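Novice: sequence and predicted structure below; questions after.
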Amino acid sequence: MQQYSMVIHGGAGTILKEDMTPELEQAYIKGLEESLAAGYAVLEQGGSAINAIKAAIVVLEDNLLFNAGRGSVFTKKGVQEMDAAIMNGKDLSAGSVAGIRNVRNPIELAAEVMINSNHVFLSGKGANDFAIKQGIKLEPDEYFFSQFRYDQWKEIRDSDNYSLDHTNKGLEELMKDKKFGTVGAVACDQNGNIAAATSTGGMTNKKYGRIGDSPLIGAGTYANNATCAISCTGHGEPFICAVAAHDVSCLMEYKGMNLQQAMNEVVNVKLVKMNGEGGMIGVDAQGNAAMIFNSAGMYRAMQNSKGVKTIGIYKD
Ligand code: ASP
């Protein structure tokens, strides 16, 4: 039987064991486990890669610990603006949303764009109007409030910094446990179809409608049955300029690299040269999987039909 596999991430960054309490570590592991189980169950029952990644992402979006959906960070204006994308490697169809508000599960809206709009990428008010028209679940502002995200934002809201500005000493100290809690999922199903999805609140104190790599097809999210399905996390700007996810696909298609080699080249060579801190998860249509990052840690988990199951946070 075709090997099937499920891989998820919950963000990468300066995630160090010494900064973590045992309780928090357990909470992250539990969150990753629940998401992995939700996605893997779909694959096990013969479901599609698209449905598996949606199921996995919804669980992470509903978990306050991750910077996506409910746990999204605050913008300069003190609100949550979320981005998400999904792509089907079977037919190269894709859906993205950016700068949306009050949508409980941004990945559901991205999937709705993919299937039921004649477009690929909707933003801001238009995307929210589409959500209302399609009956996508909305929630009031209070649903998205978390004290720890609010406190994180309060520390820097009066500055021009956003949470990845490495030049500001004060900020750097503040962000000692700097992590990009974006969530992502990739899967290869029993039919050898692959898909990728990414969902994020972006970066704390972002302004001017800043959009990161996550909803950009080719940058933070990409899937093509002929090569790979990739979801990225990290400092979005360099990932955009590197067209990181699609570059992995190109290295496989044009240079004949395998998944692991191509991801390694992009994450540990190309992005490093661009100061692009972060990582990515990937699968190919044979069910091979990889999780690669150049930061101190990346919340991650994978399971496949050969009985391999791993969950990790730090560099091994
Ligand atoms: N890549 C995301 C962004 O730049 C952040 C993250 O991965 O957490 O918006």
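Specialist: Ah, there it is.
Novice: can you give the contact residues for the helix or strand hosting residue 126?
Specialist: Applying DSSP states H and E as the criterion places residue 126 in helix 124-133. Helix 124-133 has contacts (Cβ atoms under 8 Å, 6 or more residues apart in numbering) with 97-103, 109, 112-113, 117, 122, 138, 209. Where C-beta positions appear, they are placed from N, C-alpha and C, glycine not excepted.
Novice: among those residues, which ones are buried?
Specialist: Neighbour counting with 16 or more other Cβ atoms under 10 Å marks 97, 98, 99, 100, 101, 102, 103, 109, 112, 113, 122 as buried within the contacts of helix 124-133.
Novice: among the residues you listed, which are in strands?
Specialist: 97, 98, 99, 100, 122 (DSSP state E).
Novice: out of the residues you listed, what pair is the most spread apart?
Specialist: Comparing every pair within these by Cβ to Cβ identifies 99 and 122 as the most remote, at 9.6 Å.
Novice: what about the closest residue to residue 120 other than its chain neighbours, which SS state?
Specialist: Leaving out its chain neighbours, the residue that sits closest to residue 120 by Cβ to Cβ, 6 or more residues apart in numbering is residue 94, at 5.3 Å. Going by DSSP: H, G, I helix; E, B strand; the rest coil, the secondary structure assigned to residue 94 is strand.
Novice: what is the neighbour count of residue 94?
Specialist: When neighbours are defined as other Cβ atoms under 10 Å, residue 94 has 25 of them.
Novice: just to revisit the earlier point, okay if I get the buried ones among the contacts of helix 124-133 as CSV plus distance to residue 281 and pLDDT?
Specialist: Below are the buried ones among the contacts of helix 124-133 laid out as CSV (distance: Cβ to Cβ, whole Å; pLDDT from 0 to 100):
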residue, distance to residue 281, pLDDT
97, 21, 98
98, 21, 97
99, 25, 95
100, 23, 95
101, 27, 95
102, 28, 95
103, 24, 97
109, 22, 98
112, 24, 98
113, 22, 98
122, 25, 98
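Novice: and which of the residues you listed is nearest the ligand?
Specialist: Each of the buried ones among the contacts of helix 124-133 was checked against the ligand using Cβ to the nearest ligand atom; the closest is residue 98, at 9.9 Å.
Novice: rewinding a little: okay if I get the ones in strands among the buried ones among the contacts of helix 124-133 as a markdown table plus distance to residue 56?
Specialist: Output for these, formatted as a markdown table (distance: Cβ to Cβ, whole Å):
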| residue | distance to residue 56 |
| --- | --- |
| 97 | 18 |
| 98 | 21 |
| 99 | 24 |
| 100 | 20 |
| 122 | 23 |
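Novice: what segments of the protein are helices?
Specialist: Ranges of helices within the chain are 22-44, 49-61, 106-116, 124-133, 147-156, 169-174, 236-241, 244-255, 259-265, 271-273, based on DSSP state H.
Novice: show me what the second one is packed against.
Specialist: The contact analysis (3 or more Cβ pairs under 8 Å, 6 or more residues apart in numbering; DSSP states H and E) places helix 49-61 against strand 5-13, helix 22-44, strand 82-88, helix 106-116, strand 183-188, strand 194-200.
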